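In: Test case, fold it:
(one chain, ligands or ions: 1)
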Amino acid sequence: MNQTASVLVEVKNIYLRFQQYTALQDVSLAVKRGEIITLIGPNGAGKTSLVKVILGLLSPQQGQVYRHAHLKIGYMPQRLSIDMALPLTVERFLRLSGTSARSQIHKILEEVGGLALLQRPLQQISGGELQRVLLARALLRDPDLLVLDEPIQGVDVGGQYELYKLISRIRNQRGCGVLMVSHDLHLVMATTDHVICLNQHICCSGHPSIVSRHPAYLSLFGGVHLPNDLAVYTHHHHCAEHSITENPSIEPVTQNSPANDANSQTTQAINRTLL
Ligand SMILES: Nc1ncnc2c1ncn2[C@@H]1O[C@H](COP(=O)(O)OP(=O)(O)OP(=O)(O)O)[C@@H](O)[C@H]1O
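Out: Numbering: from 1, shown residues only. As a prediction, the model looks like this:
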């Protein structure tokens, strides 16, 4: 079996600088179909910047970005750039992303447990309800890859757990890949396959139970007592556990090769949904 066939996106050896400040150093990762990958790291670690590089919204100074041909991405941004004073129902807001079919909007809102919100004014719904609406918007394109930048913002603790369970259920039912950003590893532990701990570079990565005991993770997020019988994970800076060597169905799209039509359409579609 071709191990690289299910890779949806891959970035290799990314360096990103803002003027003199280096936000990302030698970062590599890949997301496969059916897999949930979580990026964790402290404030300013470069998580959103990395997401934007993957989406094609930021161009790194070095490195390569590959996206599967005709990849459809559903993106849930960290911040909603919309004037909340605008009188906009949830349904109208979802229609702004280009979907006119009412039945489709109903179906997706039902999937995220938000059908009752359909005719509610957007500015009156709670933080947790808004996150479900934003998730619905990301799903409207029937994405191969869901990219969720801090999906639990503004959600209370019980709601956070429910939202992660919902994301996991969506992955199981749709078989899409999920890349999400989180601040709290323990909340996502049960619902993520692979964690990447980022602090400009990749400090450690692997299964959440391993990362949660890794010295680099502990030095960033504070220690817990380790049981003696737990295996110690070997730390690799700049590791790329899903590295691929060759895949004709994966297309390079960064600076050394112009974006093809499908990829530029993806980027345009993402930009449209950013409002
Ligand atoms: N457009 C920009 N111009 C200059 N600096 C930027 C820009 N975007 C991000 N940065 C800087 O890059 C660093 C990484 O920012 P980024 O938003 O990627 O971090 P983050 O890990 O997502 O943080 P948070 O958890 O607080 O959202 C920060 O120091 C930020 O100030």
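
In: what number of residues lie near Asp184?
Out: 13 (other Cβ atoms under 10 Å). Yep, even glycine has a C-beta here, placed from its N, CA and C like the rest.

In: same question, Glu162
Out: Neighbour count for Glu162, taken as other Cβ under 10 Å: 16.

In: tell me which element it is part of?
Out: Assessed by DSSP states H and E, Glu162 sits inside helix 157-174.

In: next one: Asp26
Out: Assigned by DSSP H and E, Asp26 belongs to strand 21-32.

In: Same question for Val178.
Out: Going by DSSP H and E, Val178 is in strand 177-182.

In: Show me what that strand packs onto, helices and strands only.
Out: strand 7-18, strand 21-32, strand 36-40, helix 47-55, strand 145-149, helix 157-174 (3 or more Cβ pairs under 8 Å, 6 or more residues apart in numbering; DSSP states H and E).

In: What lies in contact with the fourth one?
Out: If you take Cβ atoms under 8 Å, 6 or more residues apart in numbering as the criterion, helix 47-55 is touched by 9, 11, 14, 16, 23-24, 27, 29, 39-41, 58-60, 63, 65, 73, 75, 78, 147, 149, 179, 181, 198, 267, 270.

In: The ligand next: which of those residues are close?
Out: 23, 41 (Cβ under 6 Å from any ligand atom).

In: What subset of the contacts of helix 47-55 is buried?
Out: Using 16 or more other Cβ atoms under 10 Å as the burial test, the contacts of helix 47-55 include 9, 11, 14, 16, 23-24, 27, 29, 39-41, 58, 60, 63, 65, 73, 75, 147, 149, 179, 181, 198, 267, 270 as buried.

In: what does the helix holding Glu162 contact?
Out: In contact with helix 157-174 (Cβ under 8 Å, 6+ apart) are residues 34, 36, 111-113, 128, 131-132, 135, 139, 146, 148, 151-152, 155, 176-178, 180, 187-188, 190-191.
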